[in-house]
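A.B. asks: this one's structure only:
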């Protein structure tokens with residue numbers, strides 16, 4: 001039986017994006033998952049028949065620790081004779097593709113999900129960009145999680161167009177439409193917990209609170225709104241990694257009493273159900289999974305016009321796009337979403353239908369499993 005391993009730097013990526021893939025692969029192959037802190041994954045989150053291996057991989061550059069991780073990956077790959085190795089996230093991609101190349105693993109797949117160097121400049125941008133070029137050279141197959149990301153990678157010289165594939169209409173794992181759906185009971189419960197009136201309009205930010213995510217631009221836009229949208233509340237769900245809660249409240253000015261911070265949650269679907277629209281004013285994204293999760297929940301998205309996001313939103317149909325960093329345009333979008341409920345609801349319904357048709361987990365994961373099988377069958381025929 002062929003052996004397959006998926007490698008990521010952190011368990012959160014494995015659990016959030018690759019669980020369905022692992023579950024499907026384990027039915028036909030000997031399947032492994034490698035990440036840092038794998039031994040600490042809760043038992044209830046583990047998938048039977050999948051072997052979880054703990055190999056520390058730092059997300060940031062750390063030469064000594066990176067060499068140790070590379071050495072451990074080489075030993076692990078060499079001892080198991082894998083047929084296919086797939087990496088996700090930049091650091092895991094670089095180390096595992098290099099280790100797999102050293103061990104002559106026949107099928108080496110990397111999935112690009114967004115580039116950390118997009119918002120950098122000068123030496124830092126060139127340095128980090130060179131890592132993606134190296135990953136592309138070491139891999140035998142490359143995937144991008146959206147058509148616009150593929151175009152960006154090609155335009156930046158990371159790889160040639162014929163070397164990068166996009167499966168289906170994009171996304172890594174799709175959206176679980178049984179989990180993410182309209183839910184009036186959850187809506188009422190969350191709004192009660194957050195002390196938000198039932199008749200209020202709720203904008204949701206879901207993700208890590210970071211400057212790259214545009215949360216300060218969203219706060220500026222909120223502070224610029226007039227009193228005619230005083231029924232708008234903004235809920236931030238996710239870890240505050242850069243200590244931005246204080247600056248957000250300062251920028252929101254008089255609207256700050258209508259801002260809520262929730263932190264990390266295990267039930268994001270309830271917060272989508274409680275919201276009227278999603279905000280994602282990010283400067284860089286991969287595909288933007290939260291957009292299709294919001295869509296499946298029946299709500300549209302106000303988001304930046306950047307690669308990845310433009311594949312998840314049809315502007316004016318399933319959401320509204322604005323230029324990244326344009327707090328004036330964000331304010332106009334907030335006002336439109338709040339004041340024009342009929343248009344907002346129509347966009348939410350269109351978003352839901354598009355999400356169900358193009359981005360269901362079954363369709364997206366099925367396409368990737370078929371892709372793995374085709375690579376393995378091709379290797380068998382050549383052998």
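C.D. replies: Great, that's in hand. These figures come from a predicted structure and were not determined experimentally.
A.B. asks: with adjacent residues omitted, what lies nearest to residue 239?
C.D. replies: Using C-beta to C-beta, 6 or more residues apart in numbering and skipping residues adjacent in sequence, the residue nearest residue 239 is residue 264, 5.1 Å away. Quick note: C-beta positions are derived from backbone N, CA and C, even for glycine.
A.B. asks: run through the residues that contact that neighbour.
C.D. replies: 237, 238, 239 (C-beta atoms under 8 Å, 6 or more residues apart in numbering).
A.B. asks: neighbours of the last one, how many?
C.D. replies: Residues near residue 239, counting by other C-beta atoms under 10 Å, number 11.
A.B. asks: for the first one, same thing?
C.D. replies: The burial metric for residue 237, expressed as a neighbour count using other C-beta under 10 Å, is 24.
A.B. asks: ok, now which ones touch it?
C.D. replies: Neighbouring residues of residue 237 by C-beta under 8 Å, 6+ apart: 204, 205, 206, 207, 262, 263, 264, 265, 268, 271.
A.B. asks: does the closest residue to it other than its chain neighbours sit in a helix, a strand or a coil?
C.D. replies: Distances taken as C-beta to C-beta, 6+ apart put residue 262 closest to residue 237, at 4.5 Å, once the chain neighbours are dropped. Here residue 262 is strand, with the state taken from DSSP: H, G, I helix; E, B strand; the rest coil.
A.B. asks: surely residue 262 touches residue 239?
C.D. replies: No - using C-beta atoms under 8 Å, residue 262 is not in contact with residue 239, being 10.1 Å away.
A.B. asks: run through the strands of this protein in chain order.
C.D. replies: Secondary structure of the chain, counting by DSSP state E: strands at 3-7, 30-35, 50-54, 84-88, 107-112, 141-144, 164-165, 201-206, 232-237, 259-263, 277-280, 301-304, 319-322.
A.B. asks: in its sheet, what does the fifth one sit against?
C.D. replies: Read that as strand 107-112. Using DSSP bridges, the strands paired with strand 107-112 in its sheet are strand 84-88 (parallel), strand 141-144 (parallel).
A.B. asks: chain center to the first one, what's the gap?
C.D. replies: It stands for strand 84-88. Centre-to-centre, strand 84-88 and its host chain are 17 Å apart (C-alpha atoms, centre = their mean, to the nearest Å).
A.B. asks: and for stretch 53-71?
C.D. replies: Averaged C-alpha coordinates place stretch 53-71 at 23 Å from its chain's average position (C-alpha atoms, centre = their mean).
A.B. asks: for the protein, give me the ranges with low pLDDT.
C.D. replies: Scanning the chain for pLDDT under 70 picks out the ranges 227-228, 383.
A.B. asks: and it, what are its domain boundaries?
C.D. replies: Under the assignment automatic domain parsing, the domains of the chain span 3-174+361-378, 184-358.
A.B. asks: quick revisit: can I get the contacts of residue 264 in TSV with distance to residue 193?
C.D. replies: Shown next, in TSV, are the contacts of residue 264 (distance: C-beta to C-beta, whole Å):
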residue	distance to residue 193
237	12
238	17
239	19
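A.B. asks: separation between residue 11 and residue 53?
C.D. replies: From residue 11 across to residue 53, the span is 11 Å (C-beta to C-beta, to the nearest Å).
A.B. asks: report the set of residues contacting both of the two.
C.D. replies: residue 38.
A.B. asks: spatially nearest residue to residue 31 (excluding sequence neighbours)?
C.D. replies: Computed as C-beta to C-beta, 6+ apart, the closest residue to residue 31 that is not its neighbour in sequence is residue 25, at 4.6 Å.
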